[in-house]
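Participant: coordinates only, no sequence provided:
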Ligand code: KIV
């Protein structure tokens, strides 16, 4: 059985200058695909609320939502390190609640670590969770759970005062025992400075190329939504178009009667059909339709043999 990526492996990648690719995942099939192509860290982000559940922000996402989706991602994963976000309200009320919820998330999903937002303000919760044996990833810069307090999805740390505060946040998280820190929407130069000033990996999203790794929301890089096009995300595919085209083809085929064909149907012995006719006589047109399909199936099986 393949070994799962651990926090030590992640630290080793950072120490060897090996850029770390992290990607969000919210369900079994896409976790399986990401795992198969070797993405080392899968984040079950609370962006779940926006890209999967259709909310306008991450605020309504609950611990139960995170557990439901986190467990599916873990089931789809053989090698990746799965980190699950602690949603809004699950740690802001004090370190005790934070510990209870982190424990539940780890126990009920089987994930390898949890992530929570905030620097100095979350340091105590981080250290209590880490002391309990649960690895924690920090998250500073734009912290979407505080979007109402910071006035929108905007770049953080642009003034000297805010920048110094962010550096102190990163140091506080590292001291509290976090194994990595997400830097979201931070100017490139500041993200570089933070990366140089802490000894744990920094994982950027909209934080430029000098972080130890990068994280992106899967739906953004796969081009699933036309209306969500963050500047920091590159669209590596246009799956929204691919989905629409395949679903249109399916609808048109059903409506035109060209799906399913005999190839996509199941064979029944003609003697059995005769018997059924006698046991359960039906309207003539039904039986003639059944006979037509049967003849088609027989043609297919004769051609195939
Ligand atoms: O919830 C999430 O997907 C995240 C990433 C944007 C880092 O926290």
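Facilitator: Cool, got the structure. All figures in this text were calculated on a predicted structure; none of them were measured in a lab.
Participant: buried residues in stretch 226-243, which are they?
Facilitator: 232-233, 239-240 (16 or more other CB atoms under 10 Å). For glycine as for every other residue, the C-beta is placed from the backbone atoms N, C-alpha and C.
Participant: dump those residues to a markdown table, plus pLDDT, distance to the ligand and secondary structure.
Facilitator: Output for the buried residues of stretch 226-243, formatted as a markdown table (pLDDT from 0 to 100; distance: CB to the nearest ligand atom, whole Å; DSSP: H, G, I helix; E, B strand; the rest coil):
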| residue | pLDDT | distance to the ligand | secondary structure |
| --- | --- | --- | --- |
| 232 | 95 | 10 | coil |
| 233 | 97 | 10 | coil |
| 239 | 98 | 18 | helix |
| 240 | 97 | 19 | helix |
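Participant: which of the residues you listed lies closest to residue 273?
Facilitator: residue 239 (43.0 Å; CB to CB).
Participant: tell me who's in contact with that closest one.
Facilitator: Going by CB atoms under 8 Å, 6 or more residues apart in numbering, residue 239 touches 222-224.
Participant: then residue 13?
Facilitator: 19-20, 40, 201, 212-213.
Participant: got it, and residue 43?
Facilitator: 22-25, 83-85, 115, 215.
Participant: export the residues you listed to a markdown table and tack on distance to residue 261?
Facilitator: What follows is the contacts of residue 43, written out as a markdown table (distance: CB to CB, whole Å):
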| residue | distance to residue 261 |
| --- | --- |
| 22 | 44 |
| 23 | 38 |
| 24 | 39 |
| 25 | 35 |
| 83 | 46 |
| 84 | 44 |
| 85 | 45 |
| 115 | 49 |
| 215 | 44 |
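Participant: which ones among those also lie next to the ligand?
Facilitator: Filtering the contacts of residue 43 for proximity to the ligand by CB under 6 Å from any ligand atom leaves 24, 85, 215.
Participant: so what pairs up with the first one in the strands?
Facilitator: Using DSSP bridges, the beta-bridge partners of residue 24 come out as residue 43.
Participant: please read off the pLDDT at it from the model.
Facilitator: pLDDT, residue 24: 98.
Participant: hmm, it is touching residue 214, no?
Facilitator: No. In this structure, residue 24 is not within contact of residue 214 by CB atoms under 8 Å, at 11.9 Å.
Participant: number of nearby residues for residue 116?
Facilitator: 26 (other CB atoms under 10 Å).
Participant: excluding its backbone neighbours, what's nearest it?
Facilitator: Spatial nearest neighbour of residue 116, excluding adjacent residues (CB to CB, 6 or more residues apart in numbering): residue 86 at 4.4 Å.
Participant: then residue 85?
Facilitator: Nearest non-adjacent residue to residue 85, counting by CB to CB, 6+ apart: residue 46, 4.2 Å away.
Participant: how close does the one you found get to residue 243?
Facilitator: Applying CB to CB, to the nearest Å, the value for residue 46 to residue 243 is 24 Å.
Participant: wait, what's in contact with the residue lying closest to residue 20 once chain neighbours are set aside?
Facilitator: Leaving aside its sequence neighbours, residue 20 sits nearest to residue 213 (CB to CB, 6+ apart; 2.8 Å). Residues near residue 213 by CB under 8 Å, 6+ apart: 13-14, 19-22, 41, 180, 201-204.
Participant: before we move on, the earlier item: just the buried residues out of the contacts of residue 239, in ChimeraX syntax.
Facilitator: Selection of buried members from the contacts of residue 239 for ChimeraX, criterion 16+ other CB under 10 Å:
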select :222,223,224
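Participant: inside strands: which ones of the contacts of residue 239?
Facilitator: Residues of those located in strands (DSSP state E): none.
Participant: and the contacts of residue 239 as JSON lines, adding pLDDT and distance to the ligand?
Facilitator: Below are the contacts of residue 239 laid out as JSON lines (pLDDT from 0 to 100; distance: CB to the nearest ligand atom, whole Å):
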{"residue": "222", "pLDDT": "98", "distance to the ligand": "14"}
{"residue": "223", "pLDDT": "97", "distance to the ligand": "17"}
{"residue": "224", "pLDDT": "96", "distance to the ligand": "14"}
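Participant: so which residues on this structure come close to the ligand?
Facilitator: Residues of the chain lying close to the ligand by CB under 6 Å from any ligand atom are 24, 43, 45-47, 85, 139, 182, 184, 205, 215, 217.
Participant: quick check, nearest of those to residue 153?
Facilitator: residue 184 (9.3 Å).
Participant: the closest one: how many residues sit nearby?
Facilitator: If we define neighbours as other CB under 10 Å, then residue 184 has 22 of them.
Participant: with residue 120 instead?
Facilitator: Neighbour count for residue 120, taken as other CB under 10 Å: 16.
Participant: tell me how far the residue nearest to residue 206 when sequence neighbours are not counted lies from residue 184.
Facilitator: Distances taken as CB to CB, 6+ apart place residue 232 nearest to residue 206, at 3.4 Å, with adjacent residues excluded. Distance from residue 232 to residue 184, counting by CB to CB: 9 Å.
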